[in-house]
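1. Coordinates for the following, if possible.
(chains A and B)
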Amino acid sequence: MISLSDVEVTFGVNTPLETQALRGVSLNIREGEFVTVIGSNGAGKSSLLNALSGEVSISSGRIEIDNCDVTRLDTSRRAGLVARIFQDPLAGSCEFLSIEENLALADARGRRRSFRSALNEQRKQPYRDYLSRLNLGLEHRLQDKMGLLSGGQRQAVSLLMATLQPSKILLLDEHTAALDPKTSQFVLQLTRQIIDEKKLTALMVTHSMKQALEVGTRTIMLHRGRIIFDIQGPQREGLKVSDLLELFSNTQGEQLDEDALLLG
Amino acid sequence: MSMIAFLGAIESGLLYALVALGIYLSFRVLEFPDLTVDGSFPLGAAVSATFIVSGWNPWLATAFAMIAGACAGMVTGWLNVQLKILHLLASILTMIALYSINLRIMGRPNIALLGETTLLTPVEKAGDGWGIPFYISTPLAFVVVVIVCSVLLIRFLNSETGLAMRATGANPRMARAQGVKTGWMILTGMALSNALVALAGSLFAQSQGSADVTMGVGVIVIGLASVIGGEALISPTSVLKAVLACIAGAILYRLAIAFALNLDVLGLKAQDLNLVTSILVMIAIVLPRYRFRKSR
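-> Numbering: from 1, shown residues only, chains lettered A, B, ... in the order given. Model (predicted):
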């Protein structure tokens, strides 16, 4: 279980630009849950993800992963618990390393790295098998540099990299947003398949309200650094984008700026 | 060019190959522009020369030189990682500090090693036994050193830890997300890089017969010329090829310099070396841009 209690994130403390990105967020994510997160720009979606992964240190509150207090651990020390895919397809892998080297790198996530050779035939075979499920022919291109792949291919490989080793939570940061609609659909489908198959706990940030409702088992909406609603179970079934908008104006007493979020 | 001058160029080329390997590790693998080498090269020479004239075993003296170089690299890494000083500036600070430290270590601006027992003494003796003159046996010994260092470096960079080090330079954010402690990787890489450079400095002093506090001036540029020039010859698509490129670059660079200085037509003298080096580096950087897209 992942639990955030009263988490606050403040940027530029004691400067004129001081901004509170998260204002007391408490959230419990049960094992096997797939949470989608929506919210307009500046709502605190990325800060929530970065707080969980350890990339930003929180100014107050507590984060526990599997009953282990990780509040003070930096990104690399949390890596065994947290897997992550970035929005930018170029960010999640090393373009100068080959596909197999990238996979080997991710394969060692969360364990001690030895001085033994990172790649041998015995290790490559599972990579080949795993890559072949993408149907992109990448299993025959193990030695190609990552930089030769397209954005969609890189994101698909990033997904495999993030799920090679078990994790307590998989963080997806609008990981389909930078892709064209068709590729985006492919990567999303693959994400759902892998999460289903490996029974992963996941948190996905998305700009699309429709996607947030279609995918996953629970949806939370962030607004100005707070969780303004959290819907799951029967309440979530059959919910439409228009219902969400209504929910928003009822709870906030204001209209959601339609440009701020993709309604489609 | 005489045979002795040719072999001399090969000999110093082999030593600069070690420098080039160190610079490949910092500039290319870690993407850390490290000028510490201008200080760690004479540091290696100073440490080993001081120990050798005090009667220590030359093997131990050389090992101490490498340790000293590793420490210098760690200082630069620490300034950058812990104190958040810009990498280039951090390395310049260490380099300048090393100038004083090298003078302190030696107690004077230079130490002569003539008549002392160095690592090369047994090599020369063995060569004499087989009728091989020292100007052939010394480069042969250096070939062995370069091969050993290259094999170890290639094995390391292809290991799990080495892969993490390469990721640290190429994409630190991703490396951290994969659980790589990037700060440690920079410290380790800088230590290795400068240990190699100090080894080169130490062997240089032992083969030239003296250590001098000014012998480090321009080492960074020569090393960089070797790395960049080598990459123009051998496209560094794998670690093995990158290492071969460094070695080929260093040897060819020294040969080119020897030829240039030997051509009376050009009117070049030994003091023009650094000017020629700078121009060669510039050409080596610019030329590939017009020939093919840079790949790694």
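2. CA atoms for contacts and neighbours, from now on please.
-> Noted.
3. Name the nearest residue to residue 66, sequence neighbours excluded.
-> I went with chain A, as the question did not name one. Of all residues not flanking residue A:66 in the chain, residue A:1 sits nearest, at 5.0 Å (C-alpha to C-alpha, 6 or more residues apart in numbering or on different chains).
4. Oops, wrong one, chain B.
-> Using C-alpha to C-alpha, 6+ apart, the nearest residue to residue B:66 is residue B:195, at 4.5 Å.
5. Tell me who's in contact with that neighbour.
-> B:22, B:40, B:65, B:66, B:67, B:68, B:69, B:70, B:73 (C-alpha atoms under 8 Å, 6 or more residues apart in numbering or on different chains).
6. now do 7 Å
-> Going by C-alpha atoms under 7 Å, 6 or more residues apart in numbering or on different chains, residue B:195 touches B:66, B:67, B:69, B:70.
7. So it: helix, strand or coil?
-> Following DSSP: H, G, I helix; E, B strand; the rest coil, residue B:195 is assigned to helix.
8. Go ahead and name everything in contact with the helix or strand residue A:5 falls within.
-> Assessed by DSSP states H and E, residue A:5 sits inside strand A:2-11. Under the contact criterion C-alpha under 7 Å, 6+ apart, strand A:2-11 has outside partners A:18-30, A:58-66.
9. Please check the residues you listed and keep the buried ones.
-> Among the contacts of strand A:2-11, the ones that count as buried by 16 or more other C-alpha atoms under 10 Å in any protein chain shown are A:20-27, A:29, A:58, A:62-65.
10. Generate a markdown table for these, with distance to residue B:33 as supplementary columns.
-> Listed next are the buried ones among the contacts of strand A:2-11 as a markdown table, based on distance: C-alpha to C-alpha, whole Å:
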| residue | distance to residue B:33 |
| --- | --- |
| A:20 | 37 |
| A:21 | 35 |
| A:22 | 38 |
| A:23 | 41 |
| A:24 | 42 |
| A:25 | 42 |
| A:26 | 44 |
| A:27 | 44 |
| A:29 | 44 |
| A:58 | 33 |
| A:62 | 39 |
| A:63 | 38 |
| A:64 | 39 |
| A:65 | 39 |
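11. hmm, back to that, just how off-centre is the following helix or strand past the strand holding residue A:5 within its chain?
-> Downstream of strand A:2-11, the first helix or strand assigned by DSSP H and E is strand A:19-29. With C-alpha atoms, centre = their mean, to the nearest Å as the basis, strand A:19-29 stands 17 Å off its chain's centre.
12. Ok, stretch A:247-256 next?
-> Put simply, stretch A:247-256 sits 27 Å off its chain's centre (C-alpha atoms, centre = their mean).
13. Tell me the buried residues in it?
-> residue A:248.
14. Name the residues that touch it?
-> Stretch A:247-256 has contacts (C-alpha under 7 Å, 6+ apart) with residue A:245.
15. What are the boundaries of the strands in the stretch 101-250 of chain B?
-> Ranges of strands within the stretch 101-250 of chain B are B:110-112, B:210-212, based on DSSP state E, counting those that start in this stretch.
16. Name the surrounding residues that touch the last one.
-> In other words, strand B:210-212. By C-alpha under 7 Å, 6+ apart, strand B:210-212 touches B:42, B:45, B:46, B:49, B:109, B:110, B:111, B:112, B:113, B:205.
17. could you say what helices and strands the strand or helix carrying the third one packs with?
-> What it means is residue B:46. In the assignment (DSSP H and E), residue B:46 maps to helix B:37-53. Packing partners of helix B:37-53 (3 or more C-alpha pairs under 7 Å, 6 or more residues apart in numbering or on different chains; DSSP states H and E): helix B:58-81, helix B:87-106, helix B:182-208, strand B:210-212, helix B:219-233.
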